[in-house]
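K.L.:
kindly return the folded structure for what I paste below:
(chains A, B, C and D)
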4 protein chains.
Amino acid sequence: MCRWLAYSGTPQILETILYKPAHSLIDQSLHSRLGVETTNGDGFGIGWYAQDSDVSTPAVVRDTGPAWNNRNLREIASHVRSPLFFAHIRASTGTAVQQTNSHPFRHDRWMWMHNGAIAGFPLLRRELCLAVAPSLFAEIEGSTDSEVMFFLALTFGLEDDPPGAVARMAGLVERTGRAHGIAAPLQMTIAATDGSDVWAFRYASEGVARSLFYSSRVDSLRALHPDVSFLRDLSEETRLVVSEPLGSLPGAWNEVPEHSCGVVRENGADELRPFAPA
Amino acid sequence: MCRWLAYSGTPQILETILYKPAHSLIDQSLHSRLGVETTNGDGFGIGWYAQDSDVSTPAVVRDTGPAWNNRNLREIASHVRSPLFFAHIRASTGTAVQQTNSHPFRHDRWMWMHNGAIAGFPLLRRELCLAVAPSLFAEIEGSTDSEVMFFLALTFGLEDDPPGAVARMAGLVERTGRAHGIAAPLQMTIAATDGSDVWAFRYASEGVARSLFYSSRVDSLRALHPDVSFLRDLSEETRLVVSEPLGSLPGAWNEVPEHSCGVVRENGADELRPFAPA
Amino acid sequence: MCRWLAYSGTPQILETILYKPAHSLIDQSLHSRLGVETTNGDGFGIGWYAQDSDVSTPAVVRDTGPAWNNRNLREIASHVRSPLFFAHIRASTGTAVQQTNSHPFRHDRWMWMHNGAIAGFPLLRRELCLAVAPSLFAEIEGSTDSEVMFFLALTFGLEDDPPGAVARMAGLVERTGRAHGIAAPLQMTIAATDGSDVWAFRYASEGVARSLFYSSRVDSLRALHPDVSFLRDLSEETRLVVSEPLGSLPGAWNEVPEHSCGVVRENGADELRPFAPA
Amino acid sequence: MCRWLAYSGTPQILETILYKPAHSLIDQSLHSRLGVETTNGDGFGIGWYAQDSDVSTPAVVRDTGPAWNNRNLREIASHVRSPLFFAHIRASTGTAVQQTNSHPFRHDRWMWMHNGAIAGFPLLRRELCLAVAPSLFAEIEGSTDSEVMFFLALTFGLEDDPPGAVARMAGLVERTGRAHGIAAPLQMTIAATDGSDVWAFRYASEGVARSLFYSSRVDSLRALHPDVSFLRDLSEETRLVVSEPLGSLPGAWNEVPEHSCGVVRENGADELRPFAPA
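P.N.:
All right, here's what the predicted structure looks like:
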């Protein structure tokens, strides 16, 4: 179990979002409320796209200790400004605590992070790895289900059709799991981005999927809270997707429906639609 | 806030004590029940005296991540046997998470570990450091109050008179704190050993001191639980002192009274007496 | 490129072998003489079998920093005594510096360590991974060629016929590499042990294989150096296999011939024979 | 012994300076040519001032492993642009390898880094620490001579008069060392900055001081090398101070004379003058 956060919108010093809100993601590393585990101390990662830069790939900084006591994370967060960034805190379910198992994962300009699990992954791992495109196989560096899911989605066309590729990945996991006698193979909330748009997915083979929320439209929030100055500085397109609500602003958060996929577009044309494995 | 454990008695594979009991110290690193914080994930350390060895100094292995996910700790614990060992899990109250701030601390054949805090330590640190013997000053490597307390106790004669030296250390902390306007300067539970005997201290300037427990006499426990095979293999002299009770054996644990000092002797002549700063 | 050491014989405090000799393995981490790289600072590992223990698996402690400045390694080495241990210092050729990429690797009571490389490994990795027995696949945790070689050898019968299994592994690497147009796919020196005997291999597809040496018979050395007291305490069966000679004792070291396999037997019936991929 | 680099001028992606030149600082972490040690693998740090930011303090990222294999360093360096940054690679002379012993050190908007050593520091440490202003003492987090030198310089007025404060610090070290019978107490090359100007110092009590170089004026270099496009993008005020020359441009580097102090000013009014302890 993990917790994550995706931000897209008005460029922010990362600290504003990662550390300052009540019940921030960093606070969730010690005291998650909605997670399966209250402690998410088995590594963390952040990935950000630089503002006004020639570099189109995101910077990805990952480490193995807890986020709550990491000074380098705090230094970076308090000095880097970005219009689109991911942050992730990890609670390992047994796989090694190592940098290559921390999220987000990157391929070219794409980033990916995940909360959830493939049930019986040790049993399915080989078969799922074999389905990864040979040209991508050598890029697998860690031992998590999350990374294999990323490379499967890339194999199935993530760069051209994110919802379709994730549906095909989920379908393969469902079929492979069931073929090995696993009744409910998949629990996932996923965020993926190419540096412009952010896709988010919430799905579980059965039962309630892991928690996921998106922030309300900035114009609606401003109407609700005309005196909150922070909101005045945000563009209309600004949007957060998070495992658990941050802060305490009434009306700020909406649950992502189960079995759905949302996209936060740079141009504000956000969408939410049903999701099903293919 | 931290949690610790001191074992003395029949040589044990460390894992037997550190990992296997219900609510073990490793479990406490994630889920402490009696601590100020439930999570103790800011480093850990173990120190052990080798069995039948020419080496009289203890081995001290310390690291900066959480104990619960550390594979090297598990490896060592499951392969090393020792008649006397310390283990400590740390929850930093702000000082750096670094190896030299993890407990136990060592000087020659002595080890020391601590749970608690000197209130206003940043204010008092310089004055307390100045009171450390010049010949010992260069050995201070970290930035914790716990390490300074150790070197003060060494300065005041720990190697010859442990209770007296700790009383003088506590007295200095009390006086220095109050001189700086701090009403309740000291909260401490301490364990110290020379490799033969183990001293434990529980004290607070005011209010309730941090939790501390010692295990019952092995012969009494055997009488209570004649069918518990684990107890049959333990020598009469075996004793544990812990921040929180381990396991679920009724009658196994006794609270160390507030303001007291206990000594676990290699020869079984254990004692418990009042403690007051000098 | 890496450096390694395998010790079998009279139980020793590890430090005696790892730190004390002139040009020790720890010294080689900074100043290798015969290695492709002079610095081997990308992680290290030790694995030891406990003396007189019920535990038959070795303890394996691995970390990601350099060996030369690691205090925990020094602590363990100066307090643990073992009759059979491996030590390895790593120089990464590009794969991640992470605990699961440090040697030795372990499976049940077996350990494995390697110096060398599979040429074009990113190209061959998927095909070689597919040849690992499905039941072992989930145990692969890192991203090195060395670990895949270990699991291939296990797949091919390492536990029953070490030389045969390593020959089959090397044969597969040769064939797979050549099928992908790689002229000289394999450079390897390998040590493997089940806790009783130690097998060592030196092989290269073409050209000179990585350096490898074994120590002379203890009785011959005693005859040569009747006044060296260290030798008097060693059993006849004591033997070292190392990437580079340690110490400065004339007559102590012999080069392992190219394309050969040696076995150091607990009972002293050591052997050296030709090795070729199968 | 360590190596360092200070950059001031046209805002650069850090990687351009830290990784890309022949014999870059990162290369020096493995293969220093002019250092006392060829390997500088005991930690590293970078500190940078953000461009066009409200934040006036520098970001300081430090870690304990070698720079050459650190992926987070590479990520930051390839995505962060700054007009003024420091970078440091450490070779410990015995003090702990820990984040708080890595350079640069920071106090408010000031940064400090050092190459060299106070001879007999364990002997002098207490006396030097006592000379640190009580209000600054609690900020000392590590155990190096370099950090104590920084806090002494701050005590002696670094923020108002950098050359005077460093002279007084050096004078205290000289006097304290000689009082303890140390013939040549100080070897130092230091860089300090407030985010606008950069001061550099080269000094040794006796013998040759550690190597230090500054880059030539950009206009002179352009005249010498009209076809080097990199130079065309640099402002006239751009200047580097380094332990060892980078790159291979003839005429690019000048040795800082022994016993001297230089200042690189934001406005280009650089100066070089003699330095002596006060």
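
K.L.:
so where's chain A uncertain?
P.N.:
Scanning chain A for pLDDT under 70 picks out the ranges A:1.

K.L.:
all helices of it, in order?
P.N.:
Ranges of helices within chain A are A:14-18, A:25-31, A:71-77, A:121-130, A:134-137, A:145-155, A:162-179, A:218-224, A:229-232, based on DSSP state H.

K.L.:
so for the residue in the stretch 101-250 of chain A that chain B sits nearest to, what's the nearest residue that isn't a sequence neighbour?
P.N.:
Going by CB to the nearest CB, chain B is nearest to A:Asn101 of the stretch 101-250 of chain A, at 11.1 Å. For every residue, glycine as well, the C-beta is placed using N, CA and C. Leaving aside its chain neighbours, A:Asn101 sits nearest to A:Gly142 (4.2 Å; criterion: CB to CB, 6 or more residues apart in numbering or on different chains).

K.L.:
quick one: the longest strand anywhere in chain A near chain B?
P.N.:
The strand that spans the most residues within chain A, counting by DSSP state E, is strand A:2-13. No - using CB under 8 Å from any CB of the partner chain, strand A:2-13 never reaches chain B; the gap is at least 13.7 Å.

K.L.:
pull up the pairing partners for that strand, direction included.
P.N.:
Taking DSSP bridges as the criterion, strand A:2-13 forms sheet pairs with strand A:81-90 (antiparallel), strand A:239-242 (antiparallel).

K.L.:
list the beta-bridge partners for A:Ile13.
P.N.:
Applying DSSP bridges to A:Ile13 gives these bridge partners: A:Arg81.

K.L.:
for it, which residues are in contact?
P.N.:
Contact analysis of A:Ile13 by CB atoms under 8 Å, 6 or more residues apart in numbering or on different chains lists A:Ala77, A:Ser78, A:His79, A:Val80, A:Arg81, D:Val55.

K.L.:
ok, now A:Pro122?
P.N.:
Each residue near A:Pro122 by CB under 8 Å, 6+ apart is listed here: C:Ala138.

K.L.:
distance of it relative to A:Ile140?
P.N.:
Note on A:Pro122: its distance to A:Ile140, by CB to CB, to the nearest Å, is 15 Å.

K.L.:
one step back: for the helices of chain A, which one ends up most surrounded?
P.N.:
Of the helices of chain A, the one with the most neighbours on average (mean count of other CB atoms under 10 Å in any protein chain shown) is helix A:145-155, at a mean of 24.

K.L.:
what's in contact with that one?
P.N.:
With contact meaning CB under 8 Å, 6+ apart, helix A:145-155 is reached by A:100-101, A:103, A:105, A:107, A:110, A:112-114, A:117-118, A:121, A:125, A:128-129, A:131-133, A:136-137, A:139-141, A:158, A:162, A:165-166, A:168-169, A:172-173, A:188, A:190, A:192.

K.L.:
so which of the strands paired with strand A:2-13 is the most packed in?
P.N.:
Neighbour counts (mean count of other CB under 10 Å) averaged over each of the strands paired with strand A:2-13 peak at strand A:81-90, with a mean of 26.

K.L.:
perfect, that will be all.
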